[in-house]
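A.B. asks: next input, structure requested:
(2 chains)
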Number of protein chains: 2
Amino acid sequence: MTMNAQILLASRPTGEATADNFRLVQTPVPEPADGQVLVRHHYLSLDPYMRGRMNDAKSYAQPQPLDSVMIGGTVGEVVASKHPGFAAGDKVVGMGGWQQYSLVDGGAAGMLRKVDTTHIPLSAYLGSVGMPGATAWYGLTQIIAPKAGETVVVSAASGAVGSVVGQLAKARGCRAVGLAGGPDKCRYVVEELGFDACIDYKAHGDLKSLLKALKEACPNGIDGYFENVGGLILDAVMLRMNAFGRIAFCGMIAGYDGVPIPMANPSLILVSRLKLEGFIVSEHMELWPQALKELGTMVATGKLKFRESVAQGIEQAPEAFIGLLKGRNFGKQLVKLI
Amino acid sequence: MTMNAQILLASRPTGEATADNFRLVQTPVPEPADGQVLVRHHYLSLDPYMRGRMNDAKSYAQPQPLDSVMIGGTVGEVVASKHPGFAAGDKVVGMGGWQQYSLVDGGAAGMLRKVDTTHIPLSAYLGSVGMPGATAWYGLTQIIAPKAGETVVVSAASGAVGSVVGQLAKARGCRAVGLAGGPDKCRYVVEELGFDACIDYKAHGDLKSLLKALKEACPNGIDGYFENVGGLILDAVMLRMNAFGRIAFCGMIAGYDGVPIPMANPSLILVSRLKLEGFIVSEHMELWPQALKELGTMVATGKLKFRESVAQGIEQAPEAFIGLLKGRNFGKQLVKLI
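C.D. replies: Okay, the predicted model is just below:
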């Protein structure tokens, strides 16, 4: 009997998430019933939003139940199908969770989608041509909506979302400035991804130093900010925002561990007439086709670059996830399952 | 020789503004040159934004220069005109400042506007049918943009701006909930202005108590918030906002004294997918005719109620202004100059 290795949420974190919060179990791979599709996962996506699901707190989504398979995006291949829309060998993207196999209702809207890997690598459907890419596209085009010549700043710039934000901004004629942790990531953001500048936030631990670095990198001020982090960086960027600046709130990793981090000076919202808007990309599915079309074309033609950190094997998922929360990944964090 | 009593900014406040920051002087009333209009002010408007101008800090407007007449909106009557567009006896609204008379360039756009006092009292052009009214209208209709049935909360609800916000929200079929300081103001907000509920924030000095009061007053949560205050009230309201709620940042009196007041939990912007937007109504003059038409019609037909706190005599302006900043006024704060 083939076994399916699964990772369950064993306990909720108090403070930082640890490997003890997860548990690996083995269960038999199930057989598809009528209408179902059995998928073998090739890659599991690890994303910061998962940290929020581990809490039992009010948020935009239901908490992850204890003792059930951790939620997560997956790409893979259909191994058996009792649904007419899918056949063995189809490459698919879905929400299979932290496990090697999943059974999916082939008729449920949005649960499983066939993808074309002729010009786009399968793993990219978890990154630049998937949820992180759509997140970048939505925040940049629908909230920041930059004009050519404006300056767009993005935190976590070497990551799955941030890297796309900057490249999309460049494609629209903007000055793109990243924030990333460490000289290697910053070099990659400028030299490989084509940002105009990248600030190593680890080299600027206080507000004054960060403000100086932002002033140098953004000589005309900041018109749009794609917020992935929160805390000190948000405070500094707000002080450098031009009048009528826009801030898209996508993630606030700095606050996921349960301790709210204040915004130092909200009166800047009035003083600089800022617009701040939070969004969850899964609530705007009507725009995904438009987003994924642009992103897919850019990846297929080499105009959108990305990098992946790949952990090998489902048993590595917890450590890779904790590393992601600490910024140890470099590019999109994946777990390879085959 | 007729004299013009004027109040100058004598010094910048360190912390709270005091009467010592102002100086009363007497100068001769000037004669209009060609193209100029001499206006005798009947009322001077006192508004919270003036506190911001007293600081020498980056803001959306230039600081008020020292030793010059304090900026301020005025209504009055033309006493002499050398501009063909104005004649003695015309009732006018302008930015005459804290003084009894002003000389105005009759041709300068937006500096002086003739008003009709047949159905609308002259002083209302400094309140519900003036800048405060337009501020309320803009924030409510352009940023909060509430649908019928939604709940709109406004702080400083008995004031010149807040009172209009709530009445406009009611006219659009919303539940209007105010926050005001003290039982008298709260009674007025509900019984006279027709709000559905009003919370005495002075009776709820901590977050827990304020949250409970908001829950009772807003059983379906909060969809729109018109922010006039900042601080604890903002933190509490954010915790009660529904998904996709909108916050219009108009004033933040609590922060004008120079000490920034943090926002406790900005991650709620993401969690509840909020939109926060700051605005200065003078940057949206193209919408004033539409706003003032609606507001003027409502005042003339008795559908928009307001109340005024009137100090008598220019020499009372500093104390009345300090009282305004401390919330001692009840309704629109004016100084009567004749």
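A.B. asks: make it CA atoms for all contacts and neighbour counts henceforth
C.D. replies: Will do.
A.B. asks: which residues touch the closest residue to chain B within the stretch 101-250 of chain A?
C.D. replies: Nearest residue of the stretch 101-250 of chain A to chain B: residue A:249, at 5.7 Å (C-alpha to the nearest C-alpha). Residue A:249 makes contact with A:139, A:226, A:227, A:228, A:276, A:277, A:278, A:279, B:269, B:270 under the criterion C-alpha atoms under 8 Å, 6 or more residues apart in numbering or on different chains.
A.B. asks: my read: the last one touches residue A:278, true?
C.D. replies: Yes: with contact defined as C-alpha atoms under 8 Å, residue B:270 reaches residue A:278; the gap is 4.2 Å.
A.B. asks: gap between the residue nearest to the residue of the stretch 101-250 of chain A closest to chain B when sequence neighbours are not counted and residue A:135?
C.D. replies: Ranked by C-alpha to C-alpha, 6 or more residues apart in numbering or on different chains and with sequence neighbours excluded, the top spatial neighbour of residue A:249 is residue A:278, at 4.4 Å. Distance, residue A:278 to residue A:135, using C-alpha to C-alpha, to the nearest Å: 11 Å.
A.B. asks: kindly report the same for residue A:68.
C.D. replies: In terms of C-alpha to C-alpha, residue A:68 sits 26 Å off from residue A:135.
A.B. asks: compare those two (neighbour count), which wins?
C.D. replies: Under the neighbour definition other C-alpha atoms under 10 Å in any protein chain shown, residue A:68 and residue A:135 were set side by side, and residue A:135 has more, 25 against 15.
A.B. asks: mind listing what's buried along stretch A:126-146?
C.D. replies: By neighbour count, with 16 or more other C-alpha atoms under 10 Å in any protein chain shown as the criterion, the buried positions of stretch A:126-146 are A:126-140, A:143-146.
A.B. asks: before we move on, the earlier item: mind listing the shared neighbours of residue A:278 and residue A:135?
C.D. replies: By C-alpha under 8 Å, 6+ apart, residue A:278 and residue A:135 have these common neighbours: residue A:250.
A.B. asks: so what's residue A:149 closest to, chain neighbours aside?
C.D. replies: Nearest one to residue A:149, counting by C-alpha to C-alpha, 6+ apart, is residue A:174 at 4.8 Å.
A.B. asks: for the one you found, what are its contacts?
C.D. replies: Counting by C-alpha under 8 Å, 6+ apart, residue A:174 has contacts A:146, A:147, A:148, A:149, A:150, A:151, A:152.
A.B. asks: now those residues as a markdown table including secondary structure?
C.D. replies: Shown next, in a markdown table, are those (DSSP: H, G, I helix; E, B strand; the rest coil):
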| residue | secondary structure |
| --- | --- |
| A:146 | coil |
| A:147 | coil |
| A:148 | coil |
| A:149 | coil |
| A:150 | coil |
| A:151 | strand |
| A:152 | strand |
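A.B. asks: which one of those residues has the most neighbours?
C.D. replies: Neighbour-wise, those (other C-alpha under 10 Å) top out at residue A:152, 29 neighbours.
A.B. asks: secondary structure class for the residue nearest the centre of chain A?
C.D. replies: In chain A, the centroid-proximal residue (C-alpha atoms, centre = their mean) is residue A:132; its distance is 4.0 Å. Three-state assignment for residue A:132 (three-state DSSP): helix.
A.B. asks: that one contacts residue A:161, correct?
C.D. replies: Yes: using C-alpha under 8 Å, residue A:132 makes contact with residue A:161 at a distance of 4.9 Å.
A.B. asks: could you point out which element follows the helix ranked longest in chain A?
C.D. replies: With secondary structure taken from DSSP state H, chain A has its longest helix at helix A:288-300. Using DSSP states H and E, the helix or strand that follows helix A:288-300 in sequence is strand A:308-312.
A.B. asks: buried residues in that next one?
C.D. replies: A:308, A:309, A:310, A:311.
A.B. asks: ok, stretch A:176-196 next?
C.D. replies: A:176-181, A:185-190, A:193-196.
A.B. asks: return the subset of those residues lying in strands.
C.D. replies: Members of the buried residues of stretch A:176-196 lying in strands (criterion: DSSP state E): A:176, A:177, A:178, A:179, A:180.
A.B. asks: ok, those residues vs residue B:327, which is closest?
C.D. replies: Proximity of these to residue B:327 (C-alpha to C-alpha) peaks at residue A:179, which lies at 42.9 Å.
A.B. asks: relative to residue A:45, how far out is the closest residue in space to residue A:166 that isn't next to it in sequence?
C.D. replies: With C-alpha to C-alpha, 6+ apart as the criterion, residue A:166 has its nearest non-adjacent residue at 5.4 Å, and that residue is residue A:176. Here residue A:176 is placed at a distance of 26 Å from residue A:45 (C-alpha to C-alpha).
A.B. asks: can you show me the strands along the stretch 51-200 of chain A?
C.D. replies: Assigned by DSSP state E, counting those that start in this stretch, the strands in the stretch 51-200 of chain A fall at A:74-81, A:91-94, A:101-105, A:112-114, A:151-154, A:175-180, A:197-200.
A.B. asks: for residue B:216, find the nearest of these.
C.D. replies: Using C-alpha to C-alpha, the strands of the stretch 51-200 of chain A put strand A:151-154 closest to residue B:216, at 40.1 Å.
A.B. asks: neighbouring contacts of that closest one?
C.D. replies: By C-alpha under 8 Å, 6+ apart, strand A:151-154 touches A:146, A:162, A:165-166, A:169, A:174-179, A:218, A:220-228.
A.B. asks: and with 6 Å instead?
C.D. replies: With C-alpha atoms under 6 Å, 6 or more residues apart in numbering or on different chains as the test, strand A:151-154 has contacts from A:162, A:174, A:175, A:176, A:177, A:178, A:222, A:223, A:224, A:225, A:226.
A.B. asks: same deal with stretch A:300-315?
C.D. replies: Contacts for stretch A:300-315 (C-alpha under 6 Å, 6+ apart): A:119, A:120, A:298, A:329, A:330, A:331, A:332, A:333, A:334, A:335, A:336, A:337.
A.B. asks: would you check which pair of these lies furthest apart?
C.D. replies: Every pair of the contacts of stretch A:300-315 checked by C-alpha to C-alpha; the farthest is A:298 and A:337, at 26.9 Å.
A.B. asks: these two: who's more crowded?
C.D. replies: Neighbour count, other C-alpha under 10 Å: between residue A:298 and residue A:337, residue A:337 has more, with 23 against 18.
A.B. asks: hmm, the more buried one is touching residue A:40, no?
C.D. replies: No: counting by C-alpha atoms under 6 Å, residue A:337 does not reach residue A:40; the two are 8.8 Å apart.
A.B. asks: please name the nearest non-neighbouring residue to residue A:238.
C.D. replies: Nearest to residue A:238 is residue A:268, by C-alpha to C-alpha, 6+ apart, at 7.0 Å.
A.B. asks: so which bits of the helix or strand hosting that neighbour are buried?
C.D. replies: Assigned by DSSP H and E, residue A:268 belongs to helix A:267-271. Along helix A:267-271, these residues count as buried under the neighbour rule (16+ other C-alpha under 10 Å): A:267, A:268, A:269, A:270, A:271.
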